[in-house]
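Undergrad: Okay, predicted coordinates and the sequence, questions at the end:
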Amino acid sequence: MAATDLTKERIAENQASFREANEKIEATAYTVELPGRVPFICECFDAVCMEIIRLRLDEYEGVREHPRRFFTAPGHSAAAVAAGAAVIAEEHEGYTLVDKIGVAGEIAKNATTRASDGPQPERLRLRPCQSSDARLTTSFCGNGQ
């Protein structure tokens with residue numbers, strides 16, 4: 001494997017780590033029915049980046065519909081683009097969408113836990129339940145829509 005492929009591989013693996021963290025953030029946002037924009041972590045190549053990008057859950061779902069697509073803070077996609085690991089797909093106020101290409105694209109596609117086509121799994125929605133046990137301070141029931 002060429003050195004440039006190793007670099008592209010590292011870029012893709014770093015971004016996949018941020019995607020995994022953001023999937024957990026999304027699940028929690030659904031669970032607690034967080035309104036408005038949700039704070040997600042920038043999915044750039046920089047393993048120590050902790051820039052926050054706020055997206056509505058439907059915006060986040062739109063990004064996840066494409067297994068090779070990631071979102072970054074403005075300017076954070078430059079290194080991946082320069083390395084030939086990504087192309088800018090769209091620019092929005094507050095974030096940029098990038099599509100992984102080549103080796104990085106294949107790694108991103110294979111690392112995703114979502115199918116790029118077909119129905120997405122139903123999100124678990126929790127709602128407070130009534131409990132006869134006064135000692136239970138928090139009790140939740142599933143799919144309270």
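TA: Received the coordinates, thanks.

Undergrad: could you point out which element follows the helix or strand where residue 18 lies?
TA: Residue 18 is located in helix 3-31, with elements delineated by DSSP states H and E. Using DSSP H and E, the helix or strand that follows helix 3-31 in sequence is strand 38-41.

Undergrad: what comes up buried for that following strand?
TA: For strand 38-41, burial by neighbour count (16 or more other Cβ atoms under 10 Å) applies to 38, 40-41. Every C-beta, even on glycine, is put in place using the N, C-alpha and C of the backbone.

Undergrad: just to revisit the earlier point, from the contact counts, what lies against the helix holding residue 18?
TA: Secondary-structure packing of helix 3-31 (3 or more Cβ pairs under 8 Å, 6 or more residues apart in numbering; DSSP states H and E): strand 38-41, helix 57-64, strand 69-72, helix 78-82, helix 102-111.

Undergrad: and it, which residues are buried?
TA: Buried residues in helix 3-31, counting neighbours by 16+ other Cβ under 10 Å, are found at 7-12, 14-16, 18-19, 22-23, 26, 29.

Undergrad: and residue 79, what pLDDT?
TA: In this model, residue 79 is scored at 86, pLDDT.

Undergrad: what number of residues lie near it?
TA: When neighbours are counted by other Cβ atoms under 10 Å, residue 79 registers 16.

Undergrad: okay but it is in contact with residue 45, surely?
TA: Yes - Residue 79 is within contact range of residue 45, at 5.7 Å (criterion: Cβ atoms under 8 Å).

Undergrad: just to revisit the earlier point, switch the helices and strands packed on helix 3-31 over to a markdown table; also include distance to residue 50.
TA: Below are the helices and strands packed on helix 3-31 laid out as a markdown table (distance: least, Cβ to Cβ, whole Å):
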| stretch | distance to residue 50 |
| --- | --- |
| strand 38-41 | 6 |
| helix 57-64 | 18 |
| strand 69-72 | 13 |
| helix 78-82 | 17 |
| helix 102-111 | 21 |
